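J.: how does the following fold in three dimensions:
(2 chains)
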2 protein chains.
Amino acid sequence: MKKVNLKEKFQLFNAYWTPKILGEINNCYVKIFKAKGELVWHKHDREDEFFLVVKGQLNIKLRDREINLKEGEFFIVPHGVEHLPYAAEEAHVLLFEPKEVINTGDVVSDQTVTDLEWL
Amino acid sequence: MKKVNLKEKFQLFNAYWTPKILGEINNCYVKIFKAKGELVWHKHDREDEFFLVVKGQLNIKLRDREINLKEGEFFIVPHGVEHLPYAAEEAHVLLFEPKEVINTGDVVSDQTVTDLEWL
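T.: Numbers count the residues shown, from 1 in each chain, chains lettered A, B, ... in the order given. Coordinates of the predicted model:
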């Protein structure tokens, strides 16, 4: 294991909504992704998801409210809660979640990523 | 669940090496702590530990090398690996780790914290 510099890792890819794995902690992965535009409404039946904004602003629509995350702010979407992440401008996000999580949860769309890449 | 601003949470306590819980993701906690001086050599037999520096510099001595983490850098100490975290100046650190982790692992010292506080 080597140390990881987040800024350097974000320079290695450009595609939006494609999480990359940076490390594992027991049954969880540490991932990063770039956000711009919106993902799809979805939920994860069993897994909670941690979103920490490293750069920019990420918004997470819930059915009853909206969370607006700036740099240095995080939110945990509890399992079972429908959410729609979106970003007006490019945002860089750190994710921490159980290994079995798929980015679009219970929904399959052209944004679904099943073959996660390690960076 | 509300969003969490890391800087605001770090303003709520001053003691070093006393992790505070900010959230939970399935069987893991998100914690923060302030580092200055050194902890003790220890290991966690089953749990991996993720350290992300939010401010300052945290160093982690391993038996065969040393990891120096600046702001925006993380390191995962694998389970079973002895480590000694230290910081010359105050550093602010985000932790992800399984809920059962005790800060000084297999060692009990006057720095051991067993009654973790939520912030």
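
J.: which residues are in contact with the closest residue to A:Leu62 other than its chain neighbours?
T.: Leaving aside its chain neighbours, A:Leu62 sits nearest to A:His83 (5.7 Å; criterion: CB to CB, 6 or more residues apart in numbering or on different chains). In short, each C-beta sits where N, CA and C put it, glycine included. A:His83 is in contact with A:41-43, A:60-62, A:77, counting by CB atoms under 8 Å, 6 or more residues apart in numbering or on different chains.

J.: burial count for A:Ile21?
T.: Here the number of neighbours of A:Ile21 (other CB atoms under 10 Å in any protein chain shown) works out to 15.

J.: pretty sure it is touching A:Asn103, no?
T.: No - if you go by CB atoms under 8 Å, A:Ile21 and A:Asn103 don't touch, sitting 11.9 Å apart.

J.: can you state the direction angle for the strand ranked longest in chain A and strand B:83-98?
T.: When chain A is scanned for its longest strand (criterion: DSSP state E), the result is strand A:83-98. Angle, strand A:83-98 to strand B:83-98, by axes from the mean of the first three to the mean of the last three CA atoms, to 10 degrees: 130 degrees.

J.: separation between the residue nearest the centre of chain A and B:His83?
T.: Compute the mean C-alpha point of chain A, and by CA atoms, centre = their mean the closest residue is A:Leu95, 4.9 Å away. A:Leu95 sits 25 Å away from B:His83, going by CB to CB, to the nearest Å.

J.: A:Leu62 now?
T.: For A:Leu62, the distance to B:His83 - CB to CB - is 38 Å.

J.: quick one on the thing from earlier: isn't the residue nearest to the centre of chain A up against A:Thr18?
T.: No - using CB under 8 Å, A:Leu95 makes no contact with A:Thr18, being 11.7 Å away.

J.: anything in contact with each of the two?
T.: Joint contacts of A:Leu95 and A:Thr18 (CB under 8 Å, 6+ apart) are A:Phe33.

J.: how about the contacts made by A:Asn103?
T.: A:17-19, A:33, A:39, A:111-113.

J.: so which of those is the closest to A:Met1?
T.: For those, the residue nearest A:Met1 by CB to CB is A:Pro19; the value is 19.8 Å.

J.: near chain B, which residues of chain A show up?
T.: For chain A, the contact set with chain B under CB under 8 Å from any CB of the partner chain comprises A:1-7, A:22-28, A:30, A:46-50, A:52, A:54, A:67-69, A:72-79, A:94, A:96-98.
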